[in-house]
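# whatever this is, show me its structure:
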Amino acid sequence: MSELHDEARGAASVAAPYDALLLLSFGGPEGPDDVVPFLENVTRGRGIPRERLKEVGQHYFLFGGVSPINEQNRALLDALRKDFAQNSLDLPVYWGNRNWAPYLTDTLREMAADGHRRIAVLATSAYASYSGCRQYRENLAEALATLEAEGLAVPRVDKLRHYFNHPGFVRPMTDGVLAALAGLPEDVRAGAHLAFTTHSIPEAAADTSGPVEEHGDGGAYVREHLDVARTIADAVRAETGVERPWRLVYQSRSGAPHTPWLEPDICDHLEAVHGEGAPAVVMVPIGFVSDHMEVLYDLDTEATAKAAELGLPVARSATVGADPRFAAAVRALVVERAATERGAGPQRCALGALGPSHDLCPVGCCPAARGAAKPAAAGADSPYA
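Sure, this is the predicted structure:
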């Protein structure tokens with residue numbers, strides 16, 4: 001019996017000092033009546049008229065007013081809980097969103113009431129940027145300030161490192177590319193190009209992404225995506241024996257037309273490579289954790305329609321979603337960070353040329369483009385260390 005107790009203590013200790021994991025995501029509407037209120041949450045403070053938000057919401061209305069992201073997060077939540085249980089990691093997993101229920105502040109309030117005081121945070125954004133990292137940290141700080149104002153115990157939160165090059169994130173995407181290639185007609189398969197896609201952001205935001213020493217010329221945002229794209233392209237070449245042309249391209253641009261954003265857009269790229277004689281293209285959404293609205297609309301709807309107009313065969317590879325390898329990677333990231341917090345020197349897995357990312361976001365990392373800097377948790381400048 002004592003051996004069983006020792007084993008249980010050992011399984012629990014690998015996560016110490018953490019007593020819970022928070023899955024932190026963007027959120028999305030779950031019905032037509034949710035669409036405009038959701039977009040009001042997303043654009044709060046920008047003064048965008050409600051009528052304009054109704055126009056923007058047409059993408060959601062095409063899919064019944066439902067974004068798939070919440071259901072995909074439920075699937076990931078289940079996958080994480082299953083993986084943790086199968087590997088005797090006794091760590092409860094909660095879920096909170098920035099822009100829709102379950103809201104982050106409500107979830108942190110629940111976690112505090114449940115007695116959790118040291119929380120590891122997994123954001124559903126794998127890369128460095130303001131919107132993909134710093135803004136999540138600002139949301140955490142704002143939620144913790146609310147708990148403090150309510151007189152509640154304020155837990156410490158630590159955001160897990162960027163996982164863009166973790167094997168559990170990259171290898172499922174590689175398998176997705178191989179499956180997409182296999183689904184193309186045989187006569188165009190060997191010559192198919194790879195178009196690695198991610199969310200376009202303003203060039204100024206890209207240039208200041210990541211630590212200060214990495215700013216300029218696309219910053220960490222572009223550098224990290226290029227490294228993942230190159231890693232997957234190399235793995236596909238090794239598997240198929242075919243050297244394929246590839247490029248990092250962008251999608252989902254928004255904002256003022258006069259503001260420079262990262263290019264080329266996926267639709268422009270499809271037109272360009274078709275003109276150059278490409279027989280087919282596989283679109284690889286490496287910038288997205290799951291098949292949410294940007295993937296369903298910008299790739300599966302808009303870009304696919306553009307390809308059909310051109311007569312260009314295309315396929316779209318799968319995102320990671322709730323792949324068991326990704327769930328296992330999250331467990332590894334929790335254990336790794338926990339060991340670091342205990343003063344140990346854990347193995348830090350990473351593919352590609354860049355190596356593992358930092359644990360603690362440094363001062364000056366991914367600043368906001370406009371306005372005064374807001375407090376941000378889970379970084380070197382956190383007011384809640």
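
# contacts, neighbours, all on C-alpha from now
Noted.

# any idea how far the residue nearest to the spatial centre of the chain lies from Tyr384?
Centroid check for the chain by C-alpha atoms, centre = their mean gives Ser125 as the closest residue, at 2.0 Å. Ser125 is 22 Å from Tyr384, where distance means C-alpha to C-alpha, to the nearest Å.

# circling back: which residue packs closest to the residue nearest to the centre of the chain, ignoring adjacent ones?
The shortest distance from Ser125 to any non-neighbouring residue, by C-alpha to C-alpha, 6 or more residues apart in numbering, is to Gly132 (5.4 Å).

# that neighbour should be in a helix, yeah?
Yes: judged by DSSP: H, G, I helix; E, B strand; the rest coil, Gly132 forms part of a helix.

# burial of Arg46, as a residue count?
Residues lying near Arg46 (other C-alpha atoms under 10 Å) number 8.

# that one is in what secondary structure piece?
Per DSSP states H and E: Arg46 is located in neither a helix nor a strand.

# over to His258?
Using DSSP H and E, His258 sits in no helix or strand.

# list phi and psi for it.
Dihedral angles of His258 (phi, psi; degrees, to the nearest 10) stand at phi -80, psi -10.

# what separation do you get for it and Pro202?
From His258 to Pro202 the distance is 11 Å (C-alpha to C-alpha).

# so for the two, which sits in the more crowded spot?
Regarding His258 and Pro202, a neighbour count based on other C-alpha under 10 Å identifies Pro202 as having more, with 18 against 6.

# ok, back up a step: residues in contact with the residue nearest to the centre of the chain?
Counting by C-alpha atoms under 8 Å, 6 or more residues apart in numbering, Ser125 touches Ser25, Gly132, Cys133, His162, Gly287, Phe288, Val289.

# again with Ala126
By C-alpha under 8 Å, 6+ apart, the contact list for Ala126 reads Gly132, His162, Tyr163, Phe164, Gly287, Phe288, Val289.

# make it 7 Å
With contacts defined as C-alpha atoms under 7 Å, 6 or more residues apart in numbering, Ala126 is in contact with His162, Tyr163, Phe164.

# residues in contact with the second one?
So the one you mean is Tyr163. Tyr163 neighbours (C-alpha under 7 Å, 6+ apart): Ala126.

# measure Glu142 to Ser131 for me?
In terms of C-alpha to C-alpha, Glu142 sits 15 Å off from Ser131.

# cool, and Glu336?
To Ser131, Glu336 is 25 Å away according to C-alpha to C-alpha.

# and for the residue nearest to Arg316 when sequence neighbours are not counted, the neighbour number?
Leaving aside its chain neighbours, Arg316 sits nearest to Met283 (4.7 Å; criterion: C-alpha to C-alpha, 6+ apart). By the measure other C-alpha under 10 Å, the count of residues near Met283 is 25.

# same check on the one 3 residues further on?
Ile286: 28 surrounding residues under other C-alpha under 10 Å.

# mind pulling the model confidence for it?
The confidence metric pLDDT takes the value 98 at Ile286.

# please list all residues in contact with it.
Phe196, Thr197, Thr198.

# Glu294 now?
Per C-alpha under 7 Å, 6+ apart, neighbours of Glu294: Ser252.

# just Phe288 next, same as before
Thr198, Thr319.

# any idea which element the closest residue to Pro324 other than its chain neighbours lies in?
With C-alpha to C-alpha, 6+ apart as the measure, Ala79 is the residue that lies nearest to Pro324, at 6.6 Å, once sequence neighbours are left out. In the assignment (DSSP H and E), Ala79 maps to helix 69-86.

# show the pLDDT at Ala385.
On the pLDDT scale, Ala385 is placed at 74.

# how close does the residue nearest to Ser125 get to Thr198?
Gly132 sits 12 Å away from Thr198, going by C-alpha to C-alpha.

# repeat that for Pro32.
Distance, Pro32 to Thr198, by C-alpha to C-alpha: 27 Å.

# higher neighbour count, those two?
Between Pro32 and Thr198, Thr198 has the larger neighbour count (other C-alpha under 10 Å), namely 23 against 17.

# chain center to the host helix or strand of the more buried one, what's the gap?
Remark: Thr198 resides in strand 193-199, with elements defined by DSSP H and E. Distance, stretch centre to chain centre, for strand 193-199: 15 Å (C-alpha atoms, centre = their mean, to the nearest Å).

# my guess is Ala338 contacts Ala15. True?
Yes: contact criterion C-alpha atoms under 7 Å: Ala338 and Ala15 qualify, at 5.4 Å.

# what about those two, which has more around it?
Shown here are Ala338 and Ala15; by other C-alpha under 10 Å, Ala15 has more neighbours (25 against 22).

# ok, the more buried one to Pro356 distance?
20 Å.

# likewise for Tyr127?
Relative to Pro356, Tyr127 is positioned 12 Å away (C-alpha to C-alpha).

# chain neighbours aside, what residue packs nearest to Ala339?
Going by C-alpha to C-alpha, 6+ apart, Ala339 has Pro346 as its nearest residue, at 6.1 Å.

# picking that back up, find residues that contact each of Ala338 and Ala15.
Contacts common to Ala338 and Ala15, judged by C-alpha under 7 Å, 6+ apart, are absent.

# give me the pLDDT value at Gly10.
Listed pLDDT for Gly10 reads 50.

# what do you get for Glu3?
For Glu3, pLDDT reads 39.

# for Pro32, what are its contacts?
The contact partners of Pro32, by C-alpha under 7 Å, 6+ apart, come to Phe61, Gly64, Gly65, Val66.

# in ChimeraX, how would I select just the buried ones from these?
Listed next is the ChimeraX selection for buried residues among those, using 16 or more other C-alpha atoms under 10 Å:
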select :61,65,66
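
# element containing Leu53, please.
Assigned by DSSP H and E, Leu53 falls within helix 50-56.

# and the next helix or strand past that helix?
helix 58-61.

# tell me which residues in that following helix are buried?
For helix 58-61, the neighbour count (16+ other C-alpha under 10 Å) marks His59, Tyr60, Phe61 as buried.
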